[in-house]
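Enquirer: Sequence plus predicted model, see below.
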Amino acid sequence: MVIFQNSSKGRGIVISKKKSIWSATLSIIGIMLFAVSYLVSENPTSGEQIVIKVFFFSGIASMIAGIVFSVLAYKAMETGFQKYISYLIVFLLIIRISLEPILMALFGFGD
């Protein structure tokens, strides 16, 4: 996969052909950015709100890019478990977000 191409020589910067590695890396970076967005501050100022939004939406975009690379790896028939990591990470994140209000309703808010 050529990203940038030098028109005079026909050479370009090549990203690794292992799309599954990019998929796993982007998903892990995405989950870390998503988690950091919640750890910035409990009572954010306007400047911190911008930082939180940048981390939050960058994390989501990174996870979506990880899923896209995972689909590309699956279509390229790459071997290994790495192409499934992004699916697993996003699935576990959705489960965690879904279970949180249910558990809070069952066991209280921890006051």
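Expert: Arrived safely, thanks for sending.
Enquirer: Can you mark which positions in the helix or strand harbouring residue 37 are buried?
Expert: When elements are assigned from DSSP states H and E, residue 37 belongs to helix 19-39. For helix 19-39, burial by neighbour count (16 or more other C-beta atoms under 10 Å) applies to 19-31, 33-34, 37. In this view, the C-beta of every residue, glycine as well, is placed from N, C-alpha and C.
Enquirer: which one of those sits closest to residue 89?
Expert: Within those, the smallest distance to residue 89 is 4.5 Å, found for residue 27 (C-beta to C-beta).
Enquirer: who's in contact with the closest one?
Expert: 62-63, 66-67, 70, 85-86, 89-90 (C-beta atoms under 8 Å, 6 or more residues apart in numbering).
Enquirer: Where does pLDDT dip in this protein?
Expert: 1-17, 110-111 (pLDDT under 70).
Enquirer: let's see it at 80
Expert: 1-17, 19-20, 41, 76, 78-83, 108-111 (pLDDT under 80).
Enquirer: Give me the buried stretch members for the lengthiest helix in it, please.
Expert: The residue-count maximum for a helix in the chain (DSSP state H) belongs to helix 46-75. For helix 46-75, a neighbour-count test (16+ other C-beta under 10 Å) marks 52, 55-56, 58-60, 62-63, 65-67, 69-70, 72-73 as buried.
Enquirer: right, and out of those, which lies closest to residue 105?
Expert: Closest approach between these and residue 105, by C-beta to C-beta: residue 56, at 24.8 Å.
Enquirer: Would you confirm that that closest one contacts residue 35?
Expert: No: the criterion here is C-beta atoms under 8 Å, and residue 56 misses it with residue 35 at 10.1 Å.
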